[in-house]
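>>> I'd like to go over a predicted model; first the sequence, then the structure.
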Amino acid sequence: MTLAVVSCLTNLLSVALVLGSFGASCVLVFGFPDVPFSQPRNVVVGHTLSSLVGLLFLSAFGPHWWALSLAVSAAIMLMMFTRTVHPPAGSNPVIVFLAHAGWKFLLFPTFAGALIVVMVGLLYNNLTRGSRYPKYW
């Protein structure tokens with residue numbers, strides 16, 4: 001359902017909102033909404049930080065295998081340091097390098113798409129479950 005919303009908004013707004021790692025984010029947000037990795041802060045900040053790191057490394061060092069490896073490592077460390085680990089976001093630097101993404105990638109699809117995943121998760125989880133989502137912000 002979430003990817004349908006994201007895809008539909010992509011078509012309506014003519015702006016990219018789909019990111020490959022959002023499929024795995026949906027597994028966590030809808031399948032395991034109570035775990036820390038599924039909380040809104042982790043989803044939005046984890047995706048945003050990881051894409052930011054990927055963009056910084058791509059801009060600074062170019063599309064080299066070693067820069068990609070360092071970008072993924074740095075993204076993981078930054079998510080751990082900020083307590084915003086979201087495992088699917090670990091692939092964002094890879095996506096950035098493969099797509100040779102520009103800086104707009106940070107806003108569209110990363111930040112906007114992650115917000116949509118969380119908003120649909122809020123609606124779905126709170127309407128269909130007995131417990132509250134999110135557990136914390």
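That came in fine, so what should we check first? Numbering: from 1, shown residues only.
>>> where does the protein dip in pLDDT?
Within the chain, the ranges that satisfy pLDDT under 70 run 1-3, 6, 10, 13-15.
>>> show me where this structure has strands.
Here the chain has no strands by DSSP state E.
>>> In it, which helix is the longest?
The helix that spans the most residues within the chain, counting by DSSP state H, is helix 40-61.
>>> Okay, buried residues for it please.
Buried residues in helix 40-61, counted by 16 or more other Cβ atoms under 10 Å: 40-58. Using the backbone N, CA and C atoms, a C-beta is placed for each residue, glycine as well.
>>> got it, and stretch 80-92?
Under the neighbour-count criterion of 16+ other Cβ under 10 Å, stretch 80-92 has 84, 85, 86, 87, 88, 89, 90, 91, 92 buried.
>>> List the residues that contact the closest residue to residue 96 other than its chain neighbours.
Residue nearest to residue 96 in three dimensions, not counting chain neighbours: residue 54, with 3.3 Å by Cβ to Cβ, 6 or more residues apart in numbering. Taking Cβ atoms under 8 Å, 6 or more residues apart in numbering, we find residue 54 in contact with 71, 75, 92, 93, 94, 95, 96, 97, 101.
>>> rerun at 10 Å
When contacts are counted by Cβ atoms under 10 Å, 6 or more residues apart in numbering, residue 54 is found next to 67-68, 71-72, 74-75, 91-99, 101, 105-106, 110.
>>> And for residue 73?
Residues near residue 73 by Cβ under 10 Å, 6+ apart: 53, 57, 90, 93.
>>> next one: residue 66
Counted by Cβ under 10 Å, 6+ apart, residue 66 has contacts residue 57.
>>> Pull the number of nearby residues for residue 116.
20 (other Cβ atoms under 10 Å).
>>> mind checking how far it is from residue 46?
In this view, residue 116 and residue 46 are 15 Å apart by Cβ to Cβ, to the nearest Å.
>>> Ok, residue 93 next?
In terms of Cβ to Cβ, residue 93 sits 12 Å off from residue 46.
>>> what residues are shared contacts of the two?
Counting by Cβ under 10 Å, 6+ apart, the common neighbours of residue 93 and residue 46 are 75, 76.
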